[in-house]
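J.: coordinates for the following, if possible.
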Amino acid sequence: MPGGRLTQQERQRIALGLADGLAYAQIARGLDRPTSTITREVMRNGGPTAYRADLAHRATEHRAHRRRQTAPRDPQTSPQPHGRDSDAVREYEETLTTVLMQTGAPKMMARVLACLYTTDTGSHTASELAQRLQVSPASVSKAIAYLESQGLVRRERDERRRERYVVDDDVWYQSMIASARGTSQLADVARQGVGVLGHGTPAAARLESIGRFVDFVSESIVRAAEQAREVLYTKPVTPPDGNGSGPHST
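T.: Residues are numbered from 1 along each chain as shown. A predicted model of the protein is given here:
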C-alpha cells in the first residue's frame, strides 16, 4: 500500500469516483489507499458534492507550506509526551475530526472535540484550545456552547479558578442518554400527529409507525448505555507498555 501524500493524479481519480457515485471504500481500493485517507481528503475539501481535485491539491500544498514556515519559529512547542510521533498524532487528530464531522458535528466543533479526546488530561482551557487549534477565542466559545448543548463536554474550575472544558468517561454516557431523550421527543411529536391527521388515515398511520420505531430505538439505546456503562470505567488488562500484569497475563 503506497504511503505519503496524495498526488494530483490520485485526487483527480477521487473526483471522478465521486462523480460516478462510488463509495469511499471503492475509491480507496482503486487507489490502494486506506478508506480513512479518502474520507479525510474529501471531507476537508468541500465534501462529496463540492470536492474539486485542483482546489484540494492547492489547499494541501498551502497547508504543508504553512506548517514548514511556522514549525521552526515556535520555540515554545514541547515534545509529545510518551515518545509519541508528532506527525502521527496530528494525522490521527485529522482522521478523528473527519469521522466526527460525518456523524453530523460541524467542523470547528469536531476539531475541538478531537483535541480534547487526544489530550491525556481530557481537558483544556479556552486559551489552550485557541492556541493549539490556531483559532480565535470566539470560535472556541461557539464550539464549546454547541458541544455542551449536546452533552459532549462539561465545564469545571481548576485550582487556579480557570474554567476548563472536560471530556471524561461519564460525559460520553450522559451524551448517549441525552441523545436517547431527544429521540424520544420525536416519538412523542409523531404520536401527536396521529390525532391531528385523523386515526386510520395514511399520514397518521405513517406517523404512528415512526413513533413506535423511534420509541423502540430510544429505549434500546438507554438500555444498552446502562448495561455498558461499566465498560467506561473498566481499566485495560494490559498496560500501554504491553507488559500485562492482569488476570490474562502470564
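
J.: the longest helix along the chain: which residues count as buried?
T.: In the chain, with assignment by DSSP state H, the single longest helix is helix 202-232. Using 16 or more other C-beta atoms under 10 Å as the test for burial, helix 202-232 gives 204, 207-208, 210-211, 214-215, 218, 221-222, 225. Just so you know, the C-beta spots here come from the backbone N, C-alpha and C atoms, and that holds for glycine as well.

J.: cool, and stretch 51-64?
T.: So stretch 51-64, judged by 16+ other C-beta under 10 Å, has buried residues 51, 53, 56-57, 60.

J.: picking up where we left off before, and of the buried residues of helix 202-232, the nearest to residue 121?
T.: When those are compared for distance to residue 121, the smallest value, 24.8 Å, is given by residue 225; criterion: C-beta to C-beta.

J.: can you tell me how far residue 176 is from residue 26?
T.: Computed as C-beta to C-beta, to the nearest Å, the residue 176 to residue 26 distance reads 32 Å.

J.: sorry, wrong one. I was asking about residue 105.
T.: When C-beta to C-beta is the yardstick, residue 105 and residue 26 sit 25 Å from each other.

J.: and residue 140, by the same measure?
T.: Computed as C-beta to C-beta, the residue 140 to residue 26 distance reads 37 Å.

J.: all strands of this protein, in order?
T.: Assignment of strands within the chain using DSSP state E yields the ranges 123-125, 154-157, 163-166.

J.: centre of the chain to the last one, how far?
T.: It stands for strand 163-166. In terms of C-alpha atoms, centre = their mean, to the nearest Å, the centre of strand 163-166 is set 19 Å apart from its chain centre.

J.: contacting residues for residue 43?
T.: When contacts are counted by C-beta atoms under 8 Å, 6 or more residues apart in numbering, residue 43 is found next to 98, 101-102.

J.: residue 140 and residue 26: which is more packed in?
T.: When neighbours are counted by other C-beta atoms under 10 Å, residue 140 and residue 26 differ, and residue 140 comes out ahead with 25 against 14.

J.: what sits against that one?
T.: Residue 140 makes contact with 112, 126, 129-130, 133, according to C-beta under 8 Å, 6+ apart.

J.: okay, the residue of the chain positioned farthest from its centre: pLDDT?
T.: Distance from the centre of the chain peaks at residue 200, with 42.3 Å (C-alpha atoms, centre = their mean). pLDDT, the model's per-residue confidence, is 86 for residue 200.

J.: again, but for residue 241
T.: In the predicted model, residue 241 carries a pLDDT score of 50.

J.: chain center to stretch 179-186: distance?
T.: A distance of 21 Å separates the centroid of the chain from that of stretch 179-186, by C-alpha atoms, centre = their mean.

J.: residue 157 - nearest residue in space that isn't next to it in sequence?
T.: Leaving aside its sequence neighbours, residue 157 sits nearest to residue 163 (C-beta to C-beta, 6 or more residues apart in numbering; 6.2 Å).

J.: what about that neighbour, neighbour count?
T.: Neighbour count of residue 163, defined by other C-beta under 10 Å: 11.
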